[in-house]
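> Okay, here's the prediction I keep looking at, along with the sequence it came from:
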Protein chains: 2
Amino acid sequence: MQMTLKRRETMHRLCGKGLEIFNEKGYYNTSLDDILNELSLSKGAFYHHFKSKEDYFINIVQNLIVQKVYALLVEPLNHCEDPLPAILESLENALEPGKKNEMAYGFMLNDFLTEFNKRNEEISSHLKSILSVWEVNLVSVLKRGKVDGHIARHVDCEGAATYIIASFLGMRSLMMDSTNGQLKYQYIQQLKQYFNAIAAHKAAA
Amino acid sequence: MQMTLKRRETMHRLCGKGLEIFNEKGYYNTSLDDILNELSLSKGAFYHHFKSKEDYFINIVQNLIVQKVYALLVEPLNHCEDPLPAILESLENALEPGKKNEMAYGFMLNDFLTEFNKRNEEISSHLKSILSVWEVNLVSVLKRGKVDGHIARHVDCEGAATYIIASFLGMRSLMMDSTNGQLKYQYIQQLKQYFNAIAAHKAAA
DNA sequence: CTCTAAACCGACCCATCGGTCTGGTTTCTT
DNA sequence: AAGAAACCAGACCGATGGGTCGGTTTAGAG
C-alpha cells in the first residue's frame, strides 16, 4: 500500500512539473531530460511509470488540464442567474496571469491544440474533446439564458458559443508573449459590446 | 544573366513547396529532405541558395506570407466606403478554403505564430510584425469609419481591431481540422452582431 | 534478518535531422 | 576552347532525444 503511495507521489510530481515545462517551452521542444533533471529523476524512473512520452502527456491532459478547464470555464457557469456576465467573468478570470510565474495566463489549450494539430492525432483528439465539453456547456447555458429572458430570442446559441471560444483562443495567441495587460482589458470591453448585441433588451424599465 | 534566372527559379520552387509543406505539417516537423525529395533536389542545391533552414523560412515569410496577408486582409480595406462590410468580406474571403488543397483555409499565421513562440525569437518577430501591419491598418480604417459616420463615436478602435484579429485567429484554430463549413458561417454571423453593436446607428432614416 | 518486488539509476542504443564537404556537371564569359 | 563561376549530388558528421536494459537501492512481509 505504501508503495502505491510512492508511485502516486512520483507520478504526480512528474505530471505537475511536466505541465509546467511543456506549457513554458512546448511539448516537442522539451526533452524528457529537461523535466527529469529538474526533479532529479532518471530515465529509468520515468519509464517505470509511463510507457512513453505520449502516454505521459495524455496523462497530464486528462488529469490536470481537464480539471483546470472545468474549474475555470465550465463549472462557474452552472450556478448563475444571468449567463452573459458569468461568462464574461469566467473568461476574464481565465486570462488572468497566474500567481508568480506559475501557469501564466490561464490555461494553454490553444498552444497545445496548434502544436499537436497534424502531428499527433491521438493527443489532438483528447484536446479537442476538452474544447467540446466547454462548447456544449456554453451552448446549454446560453439556451437557458434565452429561456430566462436574458438573451435575445433571435440568437444562434451554437454560433455564439463558437464565436466566444474563437475570440478567447485567439486572444491567448495574441497575449502569448507580451505581458500586455492592456490586451485583456480591450478584449473584455469589446466582448461586452458583443454581449450587448445579443442580450435581450428589456422594455425600458 | 541566365544564371540569375536559374537561381531565381530554383529558389522560387523551393519557397513555394516549402510553404506548402510547412503549412501542412509544421516547420519543426518537416525536414529539409521532405521538401528536397519532393522537388528532386539535394542538400547541396539547398545550401547553395540558403544559408540555413531558418534563413530559408524567413525568406518564405517575407516573400510569400507577407504578400498573402497584404492581398487578403490589408489592401481590400483601403478602397472602400464603409469599413465594416469591407472587413467582414475580407475575413470571409480569408477563411475560404483554397482552390484544390492548395493553401487551405486562407493563411496560416496563427499556426506559425504558436509554433515559433518561445522557440525562435527571430522568426517570431517577423511573424508578429505581419500581424502588426494588419492591426495598424485595421485601426486606421476603423478611425476613418468613425470620422465618416459609419462607426459609433464611443468605439475604441484599437480595442476593436485587437478583438477582430483575436476572433479571426481563434477561428482558424477551430477550423484547422474539420472541414466544417458551418463554422465559417457561424463566425460571420456573430461578427455581424458585433459589428452591429459598434456601428453608428443613424437616426431613423 | 531475509527475501522479494517495486522503485529507481544511468549508460547505452539508434533514428532523425540540420548542416558540411568533396567532387562533379552545366552554363556563361572571353 | 577553356577556364571560371554557378549549380547540384549525396556521403558524411555531430548533436539531440526517445526509448531500452541490466544492475542497484529501498521498503514492506514473513
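Now that the structure is in, tell me what you want to look at. Numbers count the residues shown, from 1 in each chain, chains lettered A, B, ... in the order given.
> Export stretch A:29-37 to CSV, keeping only CA atoms.
Output of stretch A:29-37 as CSV, limited to C-alpha atoms (Å, rounded to 0.1, in the frame of the first residue of the first chain):
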residue,chain,number,x,y,z
ASN,A,29,10.8,21.5,-27.6
THR,A,30,11.0,19.9,-24.2
SER,A,31,13.1,16.7,-23.8
LEU,A,32,12.4,14.2,-21.0
ASP,A,33,15.7,15.1,-19.5
ASP,A,34,14.7,18.7,-19.2
ILE,A,35,12.0,17.5,-16.8
LEU,A,36,13.9,14.7,-15.2
ASN,A,37,16.8,16.9,-14.3
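> Return the set of buried residues in that stretch.
A:29, A:30, A:32, A:35, A:36 (16 or more other CB atoms under 10 Å in any protein chain shown). No exception for glycine: its C-beta is placed from N, CA and C like everyone else's.
> got it, and stretch A:191-205?
Buried-residue list, stretch A:191-205, by 16+ other CB under 10 Å: A:191, A:193, A:194, A:195, A:197, A:198, A:199, A:200.
> you'd agree residue A:63 is up against residue A:15?
Yes - with contact defined as CB atoms under 8 Å, residue A:63 reaches residue A:15; the gap is 6.2 Å.
> Show residues contacting stretch A:40-48.
Here stretch A:40-48 makes contact (CB atoms under 8 Å, 6 or more residues apart in numbering or on different chains) with A:10, A:14, A:32, A:33, A:36, A:56.
> Report the mean per-residue pLDDT for the strand or helix carrying the second one.
So that's residue A:14. Assigned by DSSP states H and E, residue A:14 falls within helix A:2-25. In this model, helix A:2-25 carries a mean pLDDT of 86.
> swap in stretch A:185-193?
pLDDT averaged over stretch A:185-193 gives 96.
> That stretch vs chain B: in contact?
Yes - Stretch A:185-193 lies within reach of chain B by CB under 8 Å from any CB of the partner chain, at A:185, A:186, A:187, A:189, A:190, A:191, A:193.
> Just name the shakiest helix or strand of chain A by mean pLDDT.
When each helix and strand of chain A is scored by mean pLDDT, DSSP states H and E, helix A:2-25 comes last, with a mean of 86.
> Now residue A:50: closest residue in space that isn't a chain neighbour?
Leaving out its chain neighbours, the residue that sits closest to residue A:50 by CB to CB, 6 or more residues apart in numbering or on different chains is residue A:56, at 4.1 Å.
> actually residue A:201, sorry about that
Closest residue to residue A:201 apart from its sequence neighbours, by CB to CB, 6+ apart: residue A:152 at 7.3 Å.
> and the gap between the one you found and residue B:198?
For residue A:152, the distance to residue B:198 (CB to CB, to the nearest Å) stands at 17 Å.
> Same question for residue A:85.
Taking CB to CB, one finds residue A:85 at 20 Å from residue B:198.
> rewinding a little: which one of the residues of stretch A:185-193 next to chain B sits closest to residue B:140?
residue A:186 (16.8 Å; CB to CB).
> mind checking which helix or strand that closest one is in?
If you go by DSSP H and E, residue A:186 is part of helix A:181-198.
> That helix packs against which elements?
Judged by 3 or more CB pairs under 8 Å, 6 or more residues apart in numbering or on different chains; DSSP states H and E, the packing partners of helix A:181-198 are helix A:83-94, helix A:157-175, helix B:157-175, helix B:181-198.
> what's the burial count for the residue in chain A positioned nearest to DNA strand C?
At 1.7 Å from DNA strand C, residue A:44 is the closest residue in chain A, using CB to the nearest atom of the strand. For residue A:44, the neighbour count with other CB atoms under 10 Å in any protein chain shown is 8.
> That one should be in a helix, yeah?
Yes - counting by DSSP: H, G, I helix; E, B strand; the rest coil, one finds residue A:44 located in a helix.
> State the distance from it to residue A:53.
Note on residue A:44: its distance to residue A:53, by CB to CB, is 15 Å.
> I'd like to know which of the contacts of stretch A:40-48 is nearest to residue B:169.
residue A:56 (29.2 Å).
> ok, that closest one touching residue A:21?
No - with contact defined as CB under 8 Å, residue A:56 does not reach residue A:21; the gap is 11.9 Å.
> Could you say which helix or strand holds residue A:113?
Per DSSP H and E: helix A:109-116 holds residue A:113.
> What are the contacting residues of that helix?
A:22-23, A:26-28, A:61, A:65, A:69, A:123-124, A:127-128, A:130-131, A:169-170, A:172-173, A:176, B:110-111, B:114-115, B:117, B:170, B:173, B:176.
> just those that are near DNA strand C?
When those are checked against DNA strand C using CB under 7 Å from any atom of the strand, none falls in range.
> quick one: contacts for the residue nearest to residue A:201?
A:146, A:198, A:199, A:200, A:201.
> which among those gets closest to DNA strand D?
Taking the contacts of residue A:152 together and measuring to DNA strand D by CB to the nearest atom of the strand, the closest member is residue A:198, at 44.6 Å.
> Domains of chain A: list them as residue ranges, please.
What automatic domain parsing lists as the domains of chain A is A:1-50, A:61-198.
> of all the ones you listed, which gets the most neighbours per residue?
domain A:61-198 (a mean of 18; mean count of other CB atoms under 10 Å in any protein chain shown).
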